[in-house]
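Chemist: fold the stuff below for me.
(one chain, ligands or ions: 1)
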Amino acid sequence: MTQLKPIFSHLDPIIPSSPGKFKPDKFSVYSFHRLRFHPRLALWSILSVIFILLFFCFSPPDGTASAKRRSLRTTSYTSRERLDGNWEVKARKSSRPRSKTGFSVLVTGAAGFIGTHVSIALKRRGDGIVGLDNFNNYYDTGLKNARKALLDRAGVYVFEADINDAVLLRNLIETVHFTHVMHLAAQAGVRYAMQNPNSYIHSNVNGFVSLLEACKNATLQPRIVWASSSSVYGLNSKVPFSEKDRTDQPASLYAATKKAGEEIAHTYNHIYGLSITGLRFFTVYGPWGRPDMAYFFFTKDILKGKEIKIFEGADHATVARDFTYVDDVVKGCLAALDTAKKSTGNGGKKKGAAQFRIYNLGNTSPVPVVKLVDILEKLLKVKAKKKMLPIPRNGDVLYTHANISLAREELGYKPTTDLETGLKKFVKWYLRYYGSKKKSAW
Ligand SMILES: O=C(O)[C@H]1O[C@H](OP(=O)(O)OP(=O)(O)OC[C@H]2O[C@@H](n3ccc(=O)[nH]c3=O)[C@H](O)[C@@H]2O)[C@H](O)[C@@H](O)[C@@H]1O
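Modeler: Residues are numbered from 1 along each chain as shown. Model prediction:
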């Protein structure tokens, strides 16, 4: 497994670090000598300095576009190729809805699996979108770049930036008055939390707080919809999982950070009047999915003739998931945005009680992992080399099953895709994406 990009890589100097490549001395000494022997050039230089000083004396005070641009460039976690000097123009254009009633949405994690689908769906119906993603290398960045290319074609501008970059968020939110924030940026994956626990705290706790701080300070506070997870139900054995069930027994650090996010969200709602909706996603799958998820790497390994490990509980108990197709989840996300009420605060001050909601977005139809493999074998027309193994004690739970009554009632959420239909679409995409382009899956 590759490591994440260093958090402070944006602090790297612009000057190349490798010695011998940057040779300023020869040029500057040469220029200095030329300057001394050319009085006309010296006069022009003095005039230029006076002109620059006059320009700054008569410029309007801080808060202007150029001031914002300066601080964004110098302090953000950016790829120099991706964030150009024109960012404000592009962000404003990309965030402009087609009609007056449309939304202007900041989507974090836009180059992620669900982020890409949600951004495109919003753009298609006429909302204005600005995406943000740190493009870290938790999994194949080639796939993230391909998703970004899709977003580019759809007219969605994506910043390469980390949600922990408070200055960038502040500048962005001051520049574009987002009506909504769809917060999907996160360190995902249940099992990876044992390898890199800090990445979960960095993104799911610190990053979330950084985003909430920027939103609560805004003059026009946006409404926030964000991704929690079915994993918050942890060791809860009462099924199907209802929003009223206990969520204080997480089985993984990932789940603990998502649960922490729910509590943090409540605090910001209570103190600052931010309207916040948390969505508990249940094992979302589909085209453009995440290569760290079982359905994805099972597909890759079955095609390669590599053995796959299928987990089972004690006494061969079935391990099952309420696999949810991405298009169904996207509809739930859009409905959550549509029904979100305004935040009440302003510039960090609460003006009244604000909406606070949590919904399960599942499929209400758990499928054993062995059945998932059966379907994949049928679709791929390849027999899998299976190895049954006891479920490791690394955060996995035996069973998930969503009760979606609340989401159905309040969001009109109604999943319609069964696992076989959804996997068929995934396999079709997978074969086209990795087959024709000769890319290798992670
Ligand atoms: O519902 C959720 O909230 C979570 O869903 C998934 O987590 P998980 O359900 O564990 O999804 P996978 O990692 O794809 O695992 C699916 C099933 O396959 C099983 N599995 C996984 C890996 C493996 O090698 N063998 C195997 O049998 C797991 O035990 C699990 O039952 C996502 O990875 C999380 O980011 C997300 O938050």
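
Chemist: near the ligand, which residues of the stretch 201-350 of the chain show up?
Modeler: Contact residues, the stretch 201-350 of the chain versus the ligand (C-beta under 6 Å from any ligand atom): 229-231, 281-283, 293-294, 309-311, 319, 321. Any C-beta I mention is one placed from the backbone N, CA and C, and that applies to glycine too.

Chemist: and the residues you listed, which two are furthest apart?
Modeler: 281 and 309 (23.9 Å; C-beta to C-beta).

Chemist: between these two, which is the more surrounded one?
Modeler: Shown here are residue 281 and residue 309; by other C-beta atoms under 10 Å, residue 281 has more neighbours (23 against 12).

Chemist: mean confidence score for stretch 187-199?
Modeler: For stretch 187-199, mean pLDDT is 96.

Chemist: got the contact list for that stretch?
Modeler: Stretch 187-199 is contacted by residues 1, 3-4, 112, 138, 200, 202-204, 231, 252-255, 257, 290, 292-293, 392, 394-396 when judged by C-beta atoms under 8 Å, 6 or more residues apart in numbering.

Chemist: hmm, try it at 6 Å
Modeler: The contact list for stretch 187-199, computed with C-beta atoms under 6 Å, 6 or more residues apart in numbering, reads 4, 200, 203-204, 252-254, 292, 394-395.

Chemist: again with stretch 224-244
Modeler: Stretch 224-244 is contacted from outside by 181-184, 245-247, 249-251, 255, 258-259, 262, 276-282, 336-337, 358, 400-403, 406, using C-beta under 6 Å, 6+ apart.

Chemist: what's the end-to-end length of it?
Modeler: By C-alpha to C-alpha, to the nearest Å, the extent of stretch 224-244 from end to end equals 21 Å.

Chemist: buried sites along that stretch?
Modeler: Of the residues in stretch 224-244, 224-234, 236, 240-241, 243 count as buried by neighbour count, 16 or more other C-beta atoms under 10 Å.

Chemist: ok so, going back, quick one: which of the residues of the stretch 201-350 of the chain next to the ligand sit in strands?
Modeler: Using DSSP state E, the subset of those located in strands is 229, 281, 309-311, 321.

Chemist: would you turn those residues into CSV with pLDDT?
Modeler: Shown next, in CSV, are these (pLDDT from 0 to 100):
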residue, pLDDT
229, 98
281, 98
309, 98
310, 98
311, 97
321, 98
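
Chemist: can you tell me which of the residues you listed lies closest to residue 374?
Modeler: Once C-beta to C-beta is applied, the member of these that ends up nearest residue 374 is residue 310, at 10.7 Å.

Chemist: quick check: beta-bridge partners of the closest one?
Modeler: Judged by DSSP bridges, the bridge partners of residue 310 are residue 388.
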